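Q: Got a predicted structure plus its sequence, pasted below:
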Amino acid sequence: MSRTPAYDLAPTPVARKLLELYMRDLGLTEEPPGSNKGPQIKKFLDGWKGRYGIRYAKGARWCGLCCEYLAREAYDALGITPCPLDRWHSLGGSSNWIFWAQKFGALLTPAEVLPGDVAVIYRPDDPQTEANEEQGHVCVVALPFEGGKVVSLDGNRNQKVDWGERPVEKFTAFVRLPT
C-alpha cells in the first residue's frame, strides 16, 4: 500500500519539511542487515555536518540519530539559525528527546499531536515489555491518529527508514519541534 504523509496538517514549516525529508530517505537500509550501520545510514551515525564523527562508527540504534539529523537538515533548509536543537548535545536516544522536550517546553498531549511531530517510546527495564517489543524508539507522526493508532515514519524500522504503525498507548511522549 502506498502512503503519503498529511503534509497539509503539519503545524509548522519545520514539521512539514521533516516529513518531506523522511519521505526522501524512505527505504535507506542497513548493510549488512541487523548491523545498525552501512553506507546508506552512515550520515545518521556521523550526525549533521559530522557532529558525532566516529562516535557511532561501530553502529548504534539509529532511530533517534535519524530524527535528529533530518530535523537539523529541515532547520538548515529553511534557513533557521541557530538551530533550536543546538541547545542539547545529542538527541540520539529516546530519553534525550524527552529530557530536551521537558527542558524547553516542547512536550505535547496526545490530543495536540499533528503530523510532523516527534513520537517517543521510552520504557527502560519495563518488566511488562516483551523481549521483541521496543524499549526505546523515536519516529515522526505521519498521519492523524485513527483508531487509536500512530502511523509514523521511522529510522531503524525493519533495519531501514520505513513506515511504522503502533497503538498510541505505546508512546511515552510527543514533541513539537520549535521554530
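A: In hand now; what should we look at? Numbering: from 1, shown residues only.
Q: Just grab the bridge partners of residue 29 for me.
A: For residue 29, the beta-bridge partners are residue 160 (DSSP bridges).
Q: Am I right that it is in contact with residue 155?
A: No: taking contacts as Cβ atoms under 8 Å, residue 29 lies outside contact range of residue 155: 11.0 Å. (Glycine included, C-beta is placed from N, CA and C.)
Q: Mutual contacts of those two, please.
A: Residues touching both residue 29 and residue 155 (Cβ atoms under 8 Å, 6 or more residues apart in numbering) are 41, 161.
Q: Which of these two has more residues huddled nearby?
A: The neighbour comparison of residue 29 against residue 155 (other Cβ atoms under 10 Å) goes to residue 155, with 26 against 15.
Q: Which phi and psi values does the more buried one adopt?
A: Dihedral angles of residue 155 (phi, psi; degrees, to the nearest 10) stand at phi -90, psi 150.
Q: Excluding sequence neighbours, find me the nearest residue to it.
A: Leaving aside its chain neighbours, residue 155 sits nearest to residue 66 (2.5 Å; criterion: Cβ to Cβ, 6 or more residues apart in numbering).
Q: Kindly report the same for residue 9.
A: Take residue 9 and drop its neighbours on the chain: the residue closest to it by Cβ to Cβ, 6+ apart is residue 115, 4.9 Å away.
Q: still on that earlier bit, beyond the helix or strand harbouring the residue nearest to residue 155, next helix or strand please.
A: Using DSSP states H and E, residue 66 sits within helix 63-77. Following helix 63-77 in sequence order, the next helix or strand is helix 94-103 (DSSP H and E).
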